[in-house]
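Undergrad: My questions concern the predicted model and sequence given below.
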Amino acid sequence: MNLVIVESPTKAKTIKQFLGKNYDVESSFGHVRDLPEKELGIDTEHDFKPKYIIIPKAKKRIAKLKKEAAKTNLVILATDEDREGEAIAWHLAQALELDKSKVNRIAFHEITKEAIEEALKNPRDIDMYLVDAQQARRILDRLVGYKLSPFLWEKVAKGLSAGRVQSVAVRLIVERQKEIDEFKLEEYWTIEAEFEKDAKSFIAKLAKKDEKTIPKLEIKTEQTAEEIINTLKNAEYKITEIQKKEVKKHPFAPFTTSTLQQEASYRLGFSAKQTMLIAQKLYETGFITYHRTDSLNLAEIFLKQAQEFIIKNFGKDYALDIPRQYKTKAKGAQEAHEAIRPTRPDFVPKNLDGQATFKDDSQFKLYNLVWQRAIASQMQPATIDSTVVDISANNYLFRSIGATIKFDGFLKVYPTKINETMLPELEKDEILKLIKIIPSQHFTKPPAPYSEATLIKTLEEYGIGRPSTYAPILSTIQERNYIKKENRRLYPTEIGILINNILVKHFPEIVDIKFTANMENDLDKIARGEAQWEPTIKNFYDPFNENLQKKYKEVNKKELTEEKTDKLCEKCGKPMLIKFSRFGKFLACSGFPKCKNTLSLQKSIEPTEQTDKICPECKAQMKIRKGRYGKFLGCSSYPKCKYIEKYQES
């Protein structure tokens, strides 16, 4: 009898279906060993040796697995194929005190009968390079968290904590919010012309003056727009050029962890954490390949099956003659062998009974997204007929663009929004009938706050974090109340801004984007066997610890966490102070600890101001209001009337 150990009971149940009577499949229920919770657990004086303990909740499980292992000829560790999975396999071998000769390590990218049988034919040893890379990450994060958090407790408030990668994510969100707060609106105008041909009207946009492109913000005022319109009133509108061409729109690459989380957010409204939990279930039940990956590769067998499926179901016109492969662009990508895809192309979502096959609708929706993306990646591009018409008027040029889908290609499987605009039949040198000229006022918009999807994309572009870390990063910064999510957008809290400012000023390397990305590269080198983990940790820890001891002496808590106010304590008459806690600002008596009076600090809301202006939509009075981006004019009958316009200081 051979014993196979995996992480989850769902995975164990699926694998058990593929193996014969000679195999017993058990689950470790995740991690079994870790650093102790109530102490640092790292010997900083002796090569950063970690002190691992069996996690309390895993003790009974380890005891059972030890008994099972004693009865077997061979223990097969079948944990996930990434660094974390490799580390779990190593910890299991250590916790179970397994003889090396009695242990096999297998890895597979999908939980199918063929993949499991192939993995059993090709066992290997535990890859200690991968284990060391994961150990180094865990030790680095522990050193930062357990060394920096007490500093924040002493200098700011108890209960605060700082993470190595999480702090960089908070910094990105804080700096984006600062950009938004400091953004100044700029007015600009666009001019369009409406023409008619054969009882069909179409729109052209003003594009050039004196054969030079007009920049977006060139027309800054209504007066300038009116001056241009006046010069065009009696102009002749003549078609000077018509360009017709076919444009190919190619399909997107199959999903990686990052792009799956982004697209699930955009299309399904799932959080990163929710996406990964659902993907975990789909992987463990054999529907999709491993979901923690930054690779875009697709297995040869899948490419062949996909081609056959596309020809059979959509016709030869939709299939590729040669399979399409994509190049991975993510920095440091090397975690896994394949992109996320369905294990079989013929597991067509619409043919599956949602209730019987999937435990809930969210599993069906995510599987459908993965299936569509992978199949579409092996289909012909869509063909779009594009027509560009240039229309001259005096020294100005208007441009109209028409687009129609000639061949849908991959869009048949993976629908993507394409704006189709039909133009009437037009000829060069034709004189057009002008219906009207349309000036439009616009205002520049501040950068959008990060969403989970855009933050993950930014972290990936900088090379910060890895597939298994994106969801935990986002969950952690929200759980710590450093970031709040409103309408799927991420905003920094008061305490998040304060912590970020402290780290930027006093521990710049912790929140430095380039430094953090370089650390990821160092971990990658360890995983490839090009560097050892102890010197990597030492190079980080020694200057970090030296600076930390220095800051304990230099930084004054009152300067960070107290602001004077004119308000007096209603109990003792002493001045009240604005102080910080882990939950934000509050008012506290300066006579503490003798007087312990505290009050909640409500943000003052600027009262609305009446104006003489009348709402053009409902004729109610307009009021001066204040929003996230400053003052604006809003209708007093809100929410019945939602008319707003820019406020001009007199």
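TA: Good, I have the coordinates.
Undergrad: Please make it C-alpha for all contacts and neighbour counts, starting now.
TA: Noted.
Undergrad: How about the contacts made by residue 194?
TA: For residue 194, the contacting residues are 201-204, 434-438, by Cα atoms under 8 Å, 6 or more residues apart in numbering.
Undergrad: buried subset of these?
TA: 202-204, 434, 437 (16 or more other Cα atoms under 10 Å).
Undergrad: Which residue ranges of the stretch 301-450 of the chain form helices?
TA: 354-357, 361-376 (DSSP state H, counting those that start in this stretch).
Undergrad: Comparing those helices by mean pLDDT, which bottoms out?
TA: Mean pLDDT is lowest for helix 354-357 among those, at a mean of 62.
Undergrad: Which residue lies nearest the spatial centre of the protein?
TA: By Cα atoms, centre = their mean, the chain has its centre lying nearest to residue 456, at 2.4 Å.
Undergrad: That one in helix, strand or coil?
TA: Of the three states, residue 456 takes helix under DSSP: H, G, I helix; E, B strand; the rest coil.
Undergrad: wait, isn't it in contact with residue 265?
TA: No. Applying Cα atoms under 8 Å, one finds residue 456 not in contact with residue 265, separated by 10.8 Å.
Undergrad: before we move on, the earlier item: output the buried ones among the contacts of residue 194 in CSV, with distance to residue 175 and pLDDT appended to each entry.
TA: Converted to CSV, the buried ones among the contacts of residue 194 look like this (distance: Cα to Cα, whole Å; pLDDT from 0 to 100):
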residue, distance to residue 175, pLDDT
202, 43, 96
203, 40, 96
204, 39, 97
434, 48, 95
437, 41, 96
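Undergrad: Just the closest of those to residue 187, please.
TA: Of all the buried ones among the contacts of residue 194, residue 187 sits closest to residue 437, with 19.5 Å by Cα to Cα.
Undergrad: what residues are up against the closest one?
TA: 191-194, 229.
Undergrad: try 7 Å this time
TA: Contacts here follow Cα atoms under 7 Å, 6 or more residues apart in numbering; on that basis residue 437 touches 192-194.
Undergrad: go on, residue 401?
TA: Shown in contact with residue 401 (Cα under 7 Å, 6+ apart): 387-389.
Undergrad: Tell me where the longest helix sits in the protein.
TA: Longest helix of the chain, by residue count under DSSP state H: helix 128-155.
Undergrad: Pull up the gap between the closest residue to residue 119 other than its chain neighbours and residue 72, please.
TA: Nearest residue to residue 119, sequence neighbours excluded (Cα to Cα, 6 or more residues apart in numbering): residue 106, at 5.6 Å. The gap separating residue 106 from residue 72 is 17 Å, by Cα to Cα, to the nearest Å.
Undergrad: swap in residue 424?
TA: From residue 424 to residue 72 the distance is 78 Å (Cα to Cα).
Undergrad: ok, back up a step: quick one: which of residue 106 and residue 72 has more around it?
TA: When residue 106 and residue 72 are compared for neighbours, residue 106 comes out ahead with 24 against 15, by other Cα atoms under 10 Å.
Undergrad: Phi, psi for that one please.
TA: Phi and psi for residue 106, reported as degrees, to the nearest 10, are phi -120, psi 150.
Undergrad: OK, contacts around it?
TA: For residue 106, the contact set (Cα under 7 Å, 6+ apart) comprises 76-78, 119-120, 123-124.
Undergrad: before we move on, the earlier item: considering the contacts of residue 401, which possesses the most neighbours?
TA: Within those, neighbour counts (other Cα under 10 Å) peak at residue 389, which reaches 20 neighbours.
Undergrad: hang on, isn't residue 310 packed against residue 317?
TA: No. Between residue 310 and residue 317 no contact is recorded; they are 9.3 Å apart, counting by Cα atoms under 7 Å.
Undergrad: which one of the two has more residues nearby?
TA: Set residue 310 next to residue 317 and count neighbours by other Cα under 10 Å: residue 310 wins out with 21 against 13.
Undergrad: where does that one land on pLDDT?
TA: For residue 310, pLDDT reads 97.
Undergrad: how far away is it from residue 378?
TA: For residue 310, the distance to residue 378 (Cα to Cα) stands at 8 Å.
Undergrad: hang on, the earlier thing: beyond the longest helix of the chain, next helix or strand please.
TA: Using DSSP states H and E, the next helix or strand after helix 128-155 towards the C-terminus is helix 164-181.
Undergrad: Return the mean pLDDT over the helix or strand following that following helix, rounded to an integer.
TA: Following helix 164-181 in sequence order, the next helix or strand is strand 187-197 (DSSP H and E). Mean per-residue pLDDT for strand 187-197: 95.
Undergrad: on contacts alone, who are the packing partners of the next helix or strand after strand 187-197?
TA: Remark: after strand 187-197, the chain's next helix or strand is strand 200-209, criterion DSSP H and E. Packing partners of strand 200-209 (3 or more Cα pairs under 7 Å, 6 or more residues apart in numbering; DSSP states H and E): strand 187-197, strand 396-407.
Undergrad: May I see the buried residues of the last one?
TA: Think strand 396-407. 396-405, 407.
Undergrad: got the CA coordinates for that strand in PDB?
TA: What follows is strand 396-407, C-alpha atoms only, in PDB (Å, rounded to 0.1, in the frame of the first residue of the first chain):
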ATOM      1  CA  TYR A 396      -9.800  72.700 -40.900                       C
ATOM      2  CA  LEU A 397     -10.200  68.900 -41.300                       C
ATOM      3  CA  PHE A 398     -13.000  66.700 -39.800                       C
ATOM      4  CA  ARG A 399     -12.600  63.000 -39.500                       C
ATOM      5  CA  SER A 400     -15.300  60.300 -39.400                       C
ATOM      6  CA  ILE A 401     -14.500  56.600 -38.700                       C
ATOM      7  CA  GLY A 402     -16.800  53.700 -39.500                       C
ATOM      8  CA  ALA A 403     -16.300  50.100 -38.400                       C
ATOM      9  CA  THR A 404     -18.300  46.900 -39.100                       C
ATOM     10  CA  ILE A 405     -17.500  43.300 -38.100                       C
ATOM     11  CA  LYS A 406     -16.900  41.300 -41.300                       C
ATOM     12  CA  PHE A 407     -15.900  38.000 -39.600                       C
END
